[in-house]
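>>> model this:
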Amino acid sequence: MRSFRPHSKLALCGLLLAFAGCEGRDPQTLPPPDGGACVTGTCTTPDSGTPIGSGNRVRIAAFNVHRLFDTVCDSGSCGGTNYEELPTVSEFAQQAERLSRAITALDADVVLLEEIETQTSLDELQRRMPAFGFAQLGEIGGAASVDVAVLSRHPITDVRRHRDQIIYRPDGSSTRFSRELLEVHVDVDGADTIVFAAHFRSKVDDDPGRRIAEANASRDIVAGVAKTSPGALVVFGGDLNDVPGSEALNALERDGALLRVASDRPASETWTYVYSGQRQAIDHLFLAPAPAGGTYVPGSFRVAREGNGYGGSDHCAVYADFLVEPTP
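Have a look, this model is predicted:
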């Protein structure tokens, strides 16, 4: 059994590099990362003061990397004011390098990603982070689609997709998930960990009913998997394009089905995106509680940010620590 492990000095160095950005700025001139003392590996209890229990420590992160397009024009209309960007080889490499440094600095075991265009985009990130030996893309097949993905340091044992499922808005009309709801099973040193990477409908040309439909369906799917895998750690997260207290997020938490782990942190610290000058928490992690499953380490939720974003993205990254016991 592997107990709660301290984070390495190497990871701390990576964190400082990421917060310095790719421009070579002195990290000492920047504000301290919004990660708390536990990022340094010196703490034995989370910020809440609650003692950490036994079991395998698993850090899970979610990060919208912001339109990681490759160098091929799939839509036939690229660059300029067109939706699909067409970076040069150099620009693509620079974006991937900055993102990979930022992701590495999170010191996570599993990372849920949003806005990955193609397998080429995911491969470019993964080859820069050899510690993440396992990856899965939730490609929906559309030209210039920006999809979800999962990176893992541990073996992926199963992958399931849910986008083909018919879901329903509050008015009864039917729709589907905006992107893939990607379910990935990971073996973390003998402990079952199941993650769901999501990216709900944006508020551009808003269709709030679709976001609510996505939330209701996600709750039922994730809670159902947790019920049939009672010993597993089950975590759902991503860019959900809505804030705490919204109808969509309330739907996820209805009847205690899912726990928004940031709920034990001050609201002033959990924002991940700035829209029209307003700080909003729209990137989230949820735990599916189970009597014998994984548990959230209280107070461990954090937001990694550089200014109003992270790693060159307009979104900040979120992460939290969980504990799960190896399967008997």
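
>>> Wait, a helix at Thr193?
No: counting by DSSP: H, G, I helix; E, B strand; the rest coil, Thr193 is located in no helix; its state is strand.

>>> what's near enough to touch it?
By Cβ atoms under 8 Å, 6 or more residues apart in numbering, the contact list for Thr193 reads Val58, Val110, His154, His185, Val186, Asp187, Ala232, Leu233, Val235, Gly294, Val324. (Each C-beta comes from the backbone N, C-alpha and C, glycine too.)

>>> The third one touches Val186, doesn't it?
So that's His154. Yes: assessed by Cβ atoms under 8 Å, His154 is found in contact with Val186 at 5.1 Å.

>>> Strands along the stretch 201-328 of the chain, start to end?
233-239, 259-260, 273-275, 278-280, 283-287, 295-296, 302-304, 317-324 (DSSP state E, counting those that start in this stretch).

>>> quick one, which of those is packed in tightest?
strand 233-239 (a mean of 28; mean count of other Cβ atoms under 10 Å).

>>> Starting from that one, tell me which strands it pairs with and how they run.
If you go by DSSP bridges, strand 233-239 pairs up with strand 191-199 (parallel), strand 283-287 (antiparallel).

>>> State the helix or strand in which Thr157 lies.
Applying DSSP states H and E as the criterion places Thr157 in strand 156-161.

>>> pLDDT value on the closest residue to Val188 other than its chain neighbours, please?
Of all residues not flanking Val188 in the chain, His154 sits nearest, at 4.8 Å (Cβ to Cβ, 6 or more residues apart in numbering). Per-residue confidence (pLDDT) for His154: 98.

>>> okay, now His154: neighbour count?
18 (other Cβ atoms under 10 Å).

>>> just checking, Glu97 is part of a strand?
No: assessed with three-state DSSP, Glu97 is helix; it does not lie in a strand.

>>> What is the neighbour count of it?
Neighbour count for Glu97, taken as other Cβ under 10 Å: 16.

>>> follow-up on the earlier one: list the residues that contact both of His154 and Val186?
Between them, His154 and Val186 share these contacting residues under Cβ under 8 Å, 6+ apart: Val110, Phe134, Thr193.

>>> and the residues you listed as JSON lines, adding distance to Thr228 and pLDDT?
Shown next, in JSON lines, are these (distance: Cβ to Cβ, whole Å; pLDDT from 0 to 100):
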{"residue": "Val110", "distance to Thr228": "20", "pLDDT": "98"}
{"residue": "Phe134", "distance to Thr228": "23", "pLDDT": "98"}
{"residue": "Thr193", "distance to Thr228": "15", "pLDDT": "97"}
